[in-house]
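1. can you look at this prediction? I've put the sequence above it.
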Amino acid sequence: MMKAENTVVHNKVWRTSAALLAAFVLSASLSLPVWGDSIEKRVLTLQKGSSAAVVNGESYTIAKPYIKQGTVMVPVGVFKKAFGSKIKLESSSRVRVLQGPHAVVMSIGSTTAWVDGKKIKLTVEPQMVSGTLMVPLRPVAEGIGAKVYADKNGKLSISLDVTDKDESTQNNTGIDATAGKTRIGNSYYEWSMNYPSGMVIGSGADNESVAVFSDATGRYYLEVHATPQQVKLDTEDLLQRLVKDARSSGDIVLDREIVTRAVVPYARIISRDSEGVLWEGRGYYANNKVYGIYFADGDASHYKDLDKYAGLLNSFKPSFNAGDKSLKDLSSIENGLRSVVNPDYGIVAGVPASWAVNNQEMFYGDEEKGYLSIRVSTAPKGTEGTLNGWVDQMKSWLSEAFVPKSYEVVGLTPVNINDVKGQIQEVRYNFGDGWTTEYEVMLQENGYRYYLEYTVPEGQEETAKAWKDVLNSIYIDYDVVPADFGRIDDEDFLMDKSKVTVKSSNTYRYNVAIPRYWTAISDRFDTSKVEYGFVGGSFEITADKETEAEYVISGLKQYYKEATSGSNSEVKLLGTDNITFAGVPAVSFKAHQVRDEIAYTSNQIVFESGGITYTISTVLNDANATEAQKQAIEKALASFELVK
């Protein structure tokens, strides 16, 4: 289970959601890390009003950066000088900045730009100043993958890891034009289409379900979506979907049709978005998937203008011919595993192809079918900082998180990953809805810990079969973290459960001591609700200035009356008691219930003070009702105090 996160009743394992980032595209096999090429970190420093620029300690003279409408403008050539970016001026006004897989396309005098095929709006348009093309710094720098920092004195630092790759497969425009490849597609999602020269591959979805392309000049933009769909959809269904999606986005549908003469019939619409851009959308059903094609032409003014791209769009097929040597495969899947990478920590792994991918959090899969989670932290000092000390800590944690009948330590197995010896602890645990097997990989090198957690819920045979392949796919470059990090994440879940931190709410006038090992779900104490989680439970405080305590108490009484009625009820009210809490009268509701096969005890304490109604709610699963967990809850409750 996710040790550092909350486990609650509805979800055995809670973890923070985060927006998915653009996918890392691995063209190499699982055994070859993407940093196999030479990588150099380059830092460009400059200051507005100064003609001096420094790249990794070497000084250059540039046209002076200036500020317009709050935007720093720099000469476009500085990106070539600092990072080796390719700069292309097309026609009399269009300019392209190319860096590896990234392309930024702008036009002089226009605030419209394209970054990796996606349309953006610039705050200031590119402009010619004394014969030098000046462009907005931040959108161009971030568009090519760089990071921009500014200090209080106005000095700007732009950093980018520049990869020295073999450019034999690229032409002098930086466009991916692999020799002999005239079609492109995805073998895993079973589709292919023509691959004309000038088509640039953009950033798609982490799980490869979305592929993105654009014209090298940014004139057109294309997305191909593949979504699993077991229930067959006919062309009428597909057309309805396209129309509904377009209208929900605020688009105007200009034309629609069902094309039956194609090998695979499809639905087609033309729409105009709120910015006036014309789009063609197509929907296909094949291979138990819905395929969506979304094509935009920035220069089209009439819906029939899109007809000139019929050759490209008609080339789409919901199939992939692996024997076709002219077909470029976008998929990184090998032997049923998808390559995933986090270059910040120097880690590559393979995960089952159907799993969800979150490279930012290094979390792959889900809690129902199984997952791989990766965590890097600083090793503590002393005995606890040894590998054996770590193993002992993990065993102790398990005994404090689960009652004896709900967990089992199966055993330890030595492991060697990239010449670093570690241990794999195999454990089993049960929240009440079935046993989960968990493999806990522990590696320690250069003062840092690498923890990999692979879970196999009961009945998930495919996840169980994949474990050995996933383990064998793991690659760790142990020099990456020490080079870029100092002290990082502490393993809070291993912390002494008696340690607390005092939190205060000035708005709602209370203090409370929260165990440090709990994970904050919502911890802004100036708001009406705060919540913490831990394995098998949760702790919540709600403060309400609008609702009287009697109303809340009455509502809870009615709820439990209805919930406990009937012979098959899985809710049992253990008691409704008048108590004194934090020095004021309160009503406590204790109940035991089962939801989704997980049994737990809940407690709500309701009271009022100074015109504020407080409700403190706790939940603790039976499987996790250890003395350590119960004491932590009781101490938090006992610490609650009202302040004037």
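-> Looks like it came in fine.

2. so what's the residue in the chain sticking out farthest from the centre up against?
-> No residue in the chain sits farther from the centre than Asn578, which is 46.1 Å out by C-alpha atoms, centre = their mean. Applying C-beta atoms under 8 Å, 6 or more residues apart in numbering to Asn578 gives the contacts 585-588. Using the backbone N, CA and C atoms, a C-beta is placed for each residue, glycine as well.

3. pick the one among these closest to Met362.
-> Ser588 (41.3 Å; C-beta to C-beta).

4. wait, that closest one touches Gly575, no?
-> Yes: using C-beta atoms under 8 Å, Ser588 is in contact with Gly575, at 7.4 Å.

5. neighbour count: those two, which is higher?
-> The neighbour comparison of Ser588 against Gly575 (other C-beta atoms under 10 Å) goes to Ser588, with 17 against 9.

6. check which helices and strands the helix or strand containing that one is in contact with.
-> For Ser588, the enclosing helix or strand under DSSP states H and E is strand 584-595. The contact analysis (3 or more C-beta pairs under 8 Å, 6 or more residues apart in numbering; DSSP states H and E) places strand 584-595 against helix 549-563, strand 571-581, strand 598-609.

7. show me where the stretch 51-200 of the chain has its helices.
-> Assigned by DSSP state H, counting those that start in this stretch, the helices in the stretch 51-200 of the chain fall at 77-83, 137-143.

8. dump the ones you listed to a markdown table, plus distance to Ala150 and mean neighbour count.
-> Listed next are the helices of the stretch 51-200 of the chain as a markdown table, based on distance: least, C-beta to C-beta, whole Å; neighbours: other C-beta atoms under 10 Å:
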| stretch | distance to Ala150 | mean neighbour count |
| --- | --- | --- |
| helix 77-83 | 16 | 21 |
| helix 137-143 | 10 | 22 |
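
9. looking at these, which is nearest to Tyr66?
-> helix 137-143 (10.6 Å).

10. ok, and what's touching that closest one?
-> 65, 71-74, 76, 79, 97, 102, 104, 106, 113, 115-116, 120, 122, 147-148, 156, 158, 160.

11. any idea how far the closest residue to Glu236 other than its chain neighbours is from Leu233?
-> Distances taken as C-beta to C-beta, 6 or more residues apart in numbering place Ile258 nearest to Glu236, at 7.1 Å, with adjacent residues excluded. Using C-beta to C-beta, to the nearest Å, Ile258 is found at 12 Å from Leu233.

12. with Lys369 instead?
-> Using C-beta to C-beta, one gets 25 Å for the distance from Lys369 to Leu233.

13. per-residue confidence for Val8?
-> We note a pLDDT of 32 for Val8 in this prediction.

14. oh sorry, the question was meant for Asp496
-> Looking at Asp496, the pLDDT reads 78.

15. give me the number of residues near it?
-> Count around Asp496 with other C-beta under 10 Å applied: 10.

16. try Thr383
-> 9.

17. quick check: phi and psi on it?
-> Backbone geometry at Thr383, expressed as degrees, to the nearest 10, gives phi -60, psi -40.

18. who are the contact partners of it?
-> Going by C-beta under 8 Å, 6+ apart, Thr383 touches Gly389.

19. isn't Ile201 right up against Gly100?
-> No: Ile201 is beyond contact range of Gly100, at 11.2 Å (criterion: C-beta under 8 Å).

20. is the residue farthest from the centre of the chain in a bridge, and if so with what?
-> Legend: beta-bridge partners of Asn578 under DSSP bridges are Val587.

21. and it, how far from Phe589?
-> Separation of Asn578 from Phe589 (C-beta to C-beta) stands at 11 Å.

22. any chance you could map the strands in the stretch 1-150 of the chain?
-> Counting by DSSP state E, counting those that start in this stretch, the segments of the stretch 1-150 of the chain that form strands are 38-47, 52-55, 58-61, 66-68, 71-75, 86-90, 94-99, 102-107, 112-115, 118-121, 127-129, 132-136, 147-150.

23. got these as a markdown table, with distance to Val441 columns?
-> Putting these into a markdown table (distance: least, C-beta to C-beta, whole Å) gives the following:
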| stretch | distance to Val441 |
| --- | --- |
| strand 38-47 | 26 |
| strand 52-55 | 40 |
| strand 58-61 | 43 |
| strand 66-68 | 50 |
| strand 71-75 | 45 |
| strand 86-90 | 42 |
| strand 94-99 | 35 |
| strand 102-107 | 34 |
| strand 112-115 | 38 |
| strand 118-121 | 37 |
| strand 127-129 | 54 |
| strand 132-136 | 45 |
| strand 147-150 | 31 |
